[in-house]
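Colleague: turn this into a model:
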Amino acid sequence: MGHLNEGNNTNCSISEFKRTVYPVAYLFIFSLGLIGNLMSLFFFISSSLRRKAYFSPVNILMLNLLLSDLMMVCSLPFRAAYYLMESDWAFGDVTCRIMSYVFYINMYGSVYFLMVLSMVRFVAIVKPFTYVRWQNSRRAWTISIVIWLIVSLTSIPLLGAGTSIESGRIKCLELNQSHLKTIIMLNRCVLFLGFVMPFTVISVCYIFAALYLLKLKKTRQNQRSQLNHKKSCSLVIIVLLIFLACFMPYHVVRTLFLEAEMDISNKGYGESCHYIQSLRKAAVITHCLASGNSCLDPLLFFFVGENFISFWRQHTPRRQSCIIEQNVKVSEKINNDIERRFRRI
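Modeller: A predicted model of the protein is given here:
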């Protein structure tokens, strides 16, 4: 679809700004994201092997989300190196094409995995008996494969964005001005299918789940209902944080940025240099925020992963973390309460 960077124009350039911000942001996200996702993956696999338990549908979705994030963070050192070498690409044309491809696969893969996880949580809260009947690993793997296929196939046009030569330097990760019309059309489609529609689904699920929990709280003022409410609220807060902090600014700024670049392509800069510079800088910052979703996703593993809590409890000394111990007790009471409800049904 193109990259949220300035094109080959020398006017109103923010090259120095990009070379300052991108390497710091990318290397920070790489370090934090790599540690967080590898730890989550380790606990996830170790817990499942220790318990000799099959992967539940929720854990299958989480595993795919973690793998997507790992793929993303492993691409960031290449991006950082490009800007540290003063925007001179040294890793070949094929690697350049893969960089954008990986970024968009991760972002929209994360969007759809989060959407499905939110729908699963909604069903578990509102229709627990239906949720039990839907506990099918094959169905979860099918959904995961479909998501991977959709984001992989729709991102194929990005493989066409290779390297170019400018002022004796090999350029990569730059906006191709000659393809602006096509990029804008693709952006409008992706804006709806990749952000507006999933965000709407997530919001509707959480609104109805919140209304149901409030109704349940009025009729059943017991401790377990309150614990279930707290855990569900934690999940809502994390998912909405990821969307509002990482995905929404990126999509809004990208749309404004591309439209402004089209105006400049048609009418020239005129007196709008300050405006386009501001948009380009905002595009850089929101691109970094979108990349940062790979650091926030591991938080979901703590609240959603079904085998993580018990594994952490056995491998973390009580005196080292009272907060973790409290979360363990909350999660176990919630699970026991749900199991008793299923038996009564």
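Colleague: so how far is Phe302 from Cys235?
Modeller: For the record, residue 235 is Leu, not Cys. Taking CB to CB, to the nearest Å as the measure, Leu235 falls 10 Å from Phe302. For the C-beta atoms, the positions are set from N, CA and C on the backbone; glycine is no exception.
Colleague: what's the average pLDDT for the helix or strand encompassing Glu16?
Modeller: Here Glu16 sits within helix 15-51, counting by DSSP states H and E. Helix 15-51 shows a mean pLDDT of 87.
Colleague: cool, stretch 61-74 as well?
Modeller: The pLDDT scores in stretch 61-74 average 90.
Colleague: got the buried residues for that stretch?
Modeller: Residues of stretch 61-74 classed as buried by neighbour count (16 or more other CB atoms under 10 Å): 61-73.
Colleague: could these be laid out in CSV, adding distance to Pro128?
Modeller: CSV is the format used below for the buried residues of stretch 61-74 (distance: CB to CB, whole Å):
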residue, distance to Pro128
Leu61, 18
Met62, 20
Leu63, 23
Asn64, 24
Leu65, 23
Leu66, 26
Leu67, 29
Ser68, 29
Asp69, 29
Leu70, 32
Met71, 34
Met72, 34
Val73, 35
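Colleague: out of those, which are inside helices?
Modeller: Among the buried residues of stretch 61-74, the residues falling in helices (DSSP state H) are 61-73.
Colleague: from the contact counts, what lies against the helix holding Glu16?
Modeller: Helix 15-51 sits against helix 57-84, helix 273-291, helix 293-304, helix 308-315, with contacts defined as 3 or more CB pairs under 8 Å, 6 or more residues apart in numbering; DSSP states H and E.
Colleague: need those helices in CSV with distance to Tyr112, can you?
Modeller: CSV is the format used below for these (distance: least, CB to CB, whole Å):
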stretch, distance to Tyr112
helix 57-84, 10
helix 273-291, 15
helix 293-304, 13
helix 308-315, 22
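Colleague: of these, which is nearest Leu214?
Modeller: helix 293-304 (20.1 Å; CB to CB).
Colleague: and that closest one, what does it pack against?
Modeller: Looks like helix 293-304 contacts helix 15-51, helix 57-84, helix 93-126, helix 223-242, helix 308-315 (3+ CB pairs under 8 Å, 6+ apart).
Colleague: pLDDT wise, what is the nearest residue to Val111 once chain neighbours are set aside at?
Modeller: The shortest distance from Val111 to any non-neighbouring residue, by CB to CB, 6 or more residues apart in numbering, is to Pro198 (5.0 Å). If you check Pro198, the pLDDT there is 93.
Colleague: so which helix or strand takes in Pro198?
Modeller: helix 197-219.
Colleague: if we can go back for a sec, tell me, how many residues neighbour the residue nearest to Val111?
Modeller: Applying other CB atoms under 10 Å, we find 22 residues neighbouring Pro198.
Colleague: count of neighbours near Pro249?
Modeller: Neighbours around Pro249, by other CB under 10 Å: 17.
Colleague: check the gap between it and Leu66 for me.
Modeller: Distance of Pro249 to Leu66, computed by CB to CB: 24 Å.
Colleague: next one: Tyr26
Modeller: 20 Å.
Colleague: same deal with Asn59?
Modeller: 10 Å.
Colleague: could you do Arg19 as well?
Modeller: Arg19 sits 31 Å away from Leu66, going by CB to CB.
Colleague: again, but for Leu32
Modeller: Distance, Leu32 to Leu66, using CB to CB: 14 Å.
Colleague: same question for Thr142.
Modeller: Distance from Thr142 to Leu66, by CB to CB: 19 Å.
Colleague: Met119 too?
Modeller: From Met119 to Leu66 the distance is 19 Å (CB to CB).
Colleague: not counting residues beside it along the chain, what's closest to Ser118?
Modeller: Per CB to CB, 6+ apart, closest to Ser118 is Ile202, 4.6 Å.
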